[in-house]
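Q: Show me the folded form of this:
(chains A, B and C)
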Amino acid sequence: MERGSLILLRTHKTQTVAHSFLAASLKGISQVILIENSISGLIILAAITIGNLSLGIITLLSAMIGTWIGIAGGKDRTAAYRGLFGYNSVLTGLALSLFLSGNFRWVIALAGAAITALVTAAAMHMMRNIDLPVLTLPYILFTWFLLLSTFFLERVVLSPELVPQDLTHWRFISGGAVDWFGGMVNGIGQVYFQHRLPVSILILIAVFWAGWKLGLCAILGTITALITAYGLGAEEEMLNPGLYGFNAVLTNMAVAVVFRTAKGIAWFMAIIAAMVTVPITAGLGVWLAPYGMPILTMPFVLVTWMFIAARKTLSKI
Amino acid sequence: MERGSLILLRTHKTQTVAHSFLAASLKGISQVILIENSISGLIILAAITIGNLSLGIITLLSAMIGTWIGIAGGKDRTAAYRGLFGYNSVLTGLALSLFLSGNFRWVIALAGAAITALVTAAAMHMMRNIDLPVLTLPYILFTWFLLLSTFFLERVVLSPELVPQDLTHWRFISGGAVDWFGGMVNGIGQVYFQHRLPVSILILIAVFWAGWKLGLCAILGTITALITAYGLGAEEEMLNPGLYGFNAVLTNMAVAVVFRTAKGIAWFMAIIAAMVTVPITAGLGVWLAPYGMPILTMPFVLVTWMFIAARKTLSKI
Amino acid sequence: MERGSLILLRTHKTQTVAHSFLAASLKGISQVILIENSISGLIILAAITIGNLSLGIITLLSAMIGTWIGIAGGKDRTAAYRGLFGYNSVLTGLALSLFLSGNFRWVIALAGAAITALVTAAAMHMMRNIDLPVLTLPYILFTWFLLLSTFFLERVVLSPELVPQDLTHWRFISGGAVDWFGGMVNGIGQVYFQHRLPVSILILIAVFWAGWKLGLCAILGTITALITAYGLGAEEEMLNPGLYGFNAVLTNMAVAVVFRTAKGIAWFMAIIAAMVTVPITAGLGVWLAPYGMPILTMPFVLVTWMFIAARKTLSKI
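A: Have a look, this model is predicted:
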């Protein structure tokens, strides 16, 4: 995987890295999609900014806040210069900007980005012993708590899109056509909460910039998810915006890299992993439905941990 | 505990084991009730098959799938030949066959058995540091996610038995007579989702085959649970099919073995542990009620972990 | 922090302690508010007893039960003599006495205190590797399970105060005046479920007895929470009884001690931590609302772990 690398998944190696704060922040943006490459980060930042100027500003500021905390607080700054303190903050900044309402949300999003950097540091400590990367867990947990808090706090206002559902009166909504191309490309854009074609395509270009194999993994992940979800009978309104895709994209990329030494079965395991994300996404969605909470990248975290950890026990796969 | 042993609970010892794939698969079936004994596994398989032919086939195939993954993937195959990669797959195969509807469920059950073997491997890695056995956690987590996913996936159909309950309008259902003998025996059968007397009795015979002390533990566990649940005022429709019993059976057996060196208090601790499963079963049932999800063997996992771990801190009990 | 110390947070050090069972039990009462001081424990016991005689008796008995199990079961009895086996039992005894109804609840409360001591021992083992204190997690988990079980068990009766809420019809209740002084003092009393001024003030005196810095931390925590919660638009009926305060009090005290070597920023970090407990309290409250379960001290556990663990990664903060 030339140029970029899924350094996120390496817990031991250390390399010399350029000690530039801006490059580190841009890498924080690219690490969201498991890439350590400041140019890719810049292209993605441009894509988000084209979609929405305010969101672009929040993305850059969140990356900077997280990265700064990692650099200022850490004795070993390598992780921070690789963008590993930035990506969770970027995701919290994006998620809170999009899932909250009102102008006060920009302040909450940036404060959330700062706290997420601390949660990231805490998660790194807690997971050191079991030798698994924290992935996006810190952002997920913090964002869920904060979005839930809106019911009790009058000045933190939830977006009207997020509505608690009553499972006792659940009714399956079917019908509508599947937009295969759109659903596929949006599965990649959704990694950054984007679901408009030009923005999603620009993000895909950023992935290819970091390495053509990574780009193929992303495409393979989103296609696998789309076919699996369609085959299992998912709702079209979930398929077309790519809501089953983004977790499969991330999982496919991560598992392909982790299993890259397993010649022959690396691609097979990556596809299986991407397929497994679909029922996990659906199951998690149901678990969160009574609260109206979004799934975020939790299926990616769970399935990727499972495949990394399984390989540590079953070393021949 | 002659002939059989709760090897599941030993995390360090290794012994030579017969390297037969079929024997390993049958042991996978017996390990569900904490026994490593291929004859016991065969008797249990016969019991399930008598109850329902298709279910018997799924049980054997699930055990084989899980065991094969453990043997093919592992460098150290000892665990797989002991049936430790089989029992979680067996349980997933059984649970998905019983809690899903439609013919497609057989395919899902077998695919689920395969994925559960990977989840088992992952859980083994994650729990290595805290020195606790994975018990049935891998099957429980995977089955919950998959059953939940049915709300969002049209082709994965939930059994109409599982209905989400609204706690805000909860009403306690009382009345009906307690079937003491049936409730007691079914508490043992429910370990394999069985609640018909002849099948349950055959399973109890399989446990006695592995060791009369194990058989007594199973009986002690189900009686303790029945009396405790009755005393705390449980609903009769939960008591008679043995729904409070099976977690107590497993917990009693596991704790009795773990505390076997503590002369005198081993039986006392096992009974306390079996009693504690009752409120934990009820509490977990309430937590899952809004989703209509079954409790499975989660109370066994939680209470058994608690007693094993407590003894590592309080070494004199 | 003279006289008292947040020994709860030290996982390695051992010191000689007075080997008195009664002193150990009283320390178990004071450890609830992170203090190891038998006189403080005695003052707090008096405060609770003045409020309600039965509750005072349960408090002392629960502390004794937990402490006795720690002393009788452990090889290393240091922790037990410091009150570290008592405080979780005290909290379970208090919580079950207050959140259950009927006379049978006194029996359940004391049995619960005993089981909580085992859960505490188990949690100590499980968390040893990640080098974090168990705090009040054992009590929280056990109490939640037991309170939930009331829906399924007729003889375990929930207090009518705890009512499951339907989030799909959630309506924010606003209005009423904020009682700044009462809300502030009650935030301290609520650590022991007290919300009457004289009782709360006596508890605050007990904290000051253990050390004036600890007393200031407690006051700082409750004020920070009150202002933050008010600023974010919390409901007055949550503010006035101090329901946002007690988690902030505990978190502020714990973080101030953990960061005491970080001259200058210790107070800053403690205030940030206290502020973070507010949205976490709200978010957790919403998560538990469909079950009608109380938040207990879970926000304190989560936020304190986060700050302790973050510092282990970011050693310069």
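Q: name the element the nearest residue to A:Lys27 once chain neighbours are set aside belongs to?
A: Sequence neighbours aside, A:Gly83 is the residue nearest to A:Lys27 in space, at 3.0 Å (criterion: CB to CB, 6 or more residues apart in numbering or on different chains). Glycine gets a C-beta too; all of them are placed from N, C-alpha and C. Secondary structure here is read from DSSP states H and E; on that basis A:Gly83 sits in neither a helix nor a strand.
Q: Quick check, the residue in the stretch 101-250 of chain A closest to chain B?
A: Proximity to chain B, evaluated over the stretch 101-250 of chain A using CB to the nearest CB, is greatest for A:Gly233 at 3.0 Å.
Q: Phi, psi for that residue please.
A: The phi/psi pair for A:Gly233 (degrees, to the nearest 10) reads phi 90, psi 50.
Q: how many neighbours does it have?
A: Using other CB atoms under 10 Å in any protein chain shown, A:Gly233 has 17 other residues around it.
Q: any idea how far the residue nearest to it when sequence neighbours are not counted lies from B:Gly73?
A: Distances taken as CB to CB, 6+ apart put B:Glu154 closest to A:Gly233, at 3.0 Å, once the chain neighbours are dropped. Using CB to CB, to the nearest Å, one gets 33 Å for the distance from B:Glu154 to B:Gly73.
Q: Check A:Ile265 too.
A: On the measure of CB to CB, A:Ile265 and B:Gly73 end up 10 Å apart.
Q: Kindly report the residues of the stretch 1-150 of chain A close to chain B.
A: Residues of the stretch 1-150 of chain A found near chain B, taking CB under 8 Å from any CB of the partner chain as the criterion, are A:Asn129, A:Ile130, A:Leu132.
Q: where does the first one land in three-state SS?
A: Put plainly, it is A:Asn129. Applying DSSP: H, G, I helix; E, B strand; the rest coil to A:Asn129 yields a three-state assignment of coil.
Q: That one reaches C:Asp131, doesn't it?
A: No: under the criterion of CB atoms under 8 Å, A:Asn129 lies out of contact with C:Asp131, with a separation of 9.1 Å.
Q: picking that back up, show me what contacts the residue of the stretch 101-250 of chain A closest to chain B?
A: A:Gly233 is in contact with B:Leu153, B:Glu154, B:Arg155, B:Val156, counting by CB atoms under 8 Å, 6 or more residues apart in numbering or on different chains.
Q: Mind telling me the two of those residues farthest from one another?
A: B:Glu154 and B:Val156 (7.7 Å; CB to CB).
Q: okay, and the common contacts of the two?
A: Between them, B:Glu154 and B:Val156 share the neighbouring residues A:Leu232, A:Gly233, with contact defined by CB under 8 Å, 6+ apart.
Q: between the two, which one's more packed in?
A: The residue with more neighbours, out of B:Glu154 and B:Val156 and counting by other CB under 10 Å, is B:Val156; that gives 24 against 14.
Q: mind checking pLDDT for the nearest residue to the more buried one once chain neighbours are set aside?
A: Among residues not flanking B:Val156 along the chain, B:Thr150 sits closest, at 4.8 Å (CB to CB, 6+ apart). On pLDDT, B:Thr150 comes in at 95.
Q: what about B:Thr150, how many residues close to it?
A: Other residues within reach of B:Thr150, judged by other CB under 10 Å, total 26.
Q: Distance of it relative to C:Leu45?
A: 52 Å.
Q: Ok, A:Trp267 next?
A: For A:Trp267, the distance to C:Leu45 equals 66 Å [CB to CB].
Q: Which one of those two is surrounded by more residues?
A: Counted by other CB under 10 Å, A:Trp267 and C:Leu45 do not tie: C:Leu45 has more neighbours, with 22 against 17.
Q: Off-centre distance for the lowest-mean-pLDDT helix or strand in chain A?
A: Taking mean pLDDT, DSSP states H and E as the measure, helix A:236-239 is the helix or strand of chain A with the lowest mean score, a mean of 89. What separates the centre of helix A:236-239 from the centre of its chain is 19 Å, taken as CA atoms, centre = their mean, to the nearest Å.
Q: Give me the pLDDT value at the residue nearest to A:Lys27.
A: 96.
Q: where does A:Tyr158 fall, phi/psi-wise?
A: Tyr isn't right for residue A:158; it's Leu. Backbone torsions for A:Leu158, taken as degrees, to the nearest 10, come to phi -80, psi 140.
Q: Just give the number of residues close to it.
A: For A:Leu158, the neighbour count with other CB under 10 Å is 22.
Q: Surely it and A:Ser149 touch.
A: No: A:Leu158 is not in contact with A:Ser149 according to CB under 8 Å; the separation is 9.3 Å.
Q: Enumerate the residues of the stretch 201-317 of chain A near chain C.
A: A:Pro290, A:Tyr291, A:Gly292.
Q: Please list all residues in contact with the first one.
A: Pointing back at A:Pro290 there. A:Pro290 makes contact with A:Pro164, A:Gln165, A:Asp166, A:Leu167, B:Pro290, C:Leu167, C:Thr168, C:Pro290, according to CB under 8 Å, 6+ apart.
Q: 10 Å - rerun?
A: By CB atoms under 10 Å, 6 or more residues apart in numbering or on different chains, the contact list for A:Pro290 reads A:164-168, B:164, B:290-291, C:166-168, C:287, C:289-290.
Q: Just the buried ones out of those residues, please.
A: The neighbour-count criterion (16 or more other CB atoms under 10 Å in any protein chain shown) marks A:Pro164, A:Gln165, A:Leu167, B:Pro164, B:Pro290, B:Tyr291, C:Leu167, C:Trp287, C:Ala289, C:Pro290 among those as buried.
Q: Tell me the one of the residues you listed nearest B:Ala24?
A: Comparing the buried ones among the contacts of A:Pro290 against B:Ala24 with CB to CB places B:Tyr291 closest, at 35.1 Å.
Q: separation between that closest one and B:Ser159?
A: 14 Å.
Q: Can you check which residues contact both of the two?
A: Residues touching both B:Tyr291 and B:Ser159 (CB under 10 Å, 6+ apart): B:Leu147.
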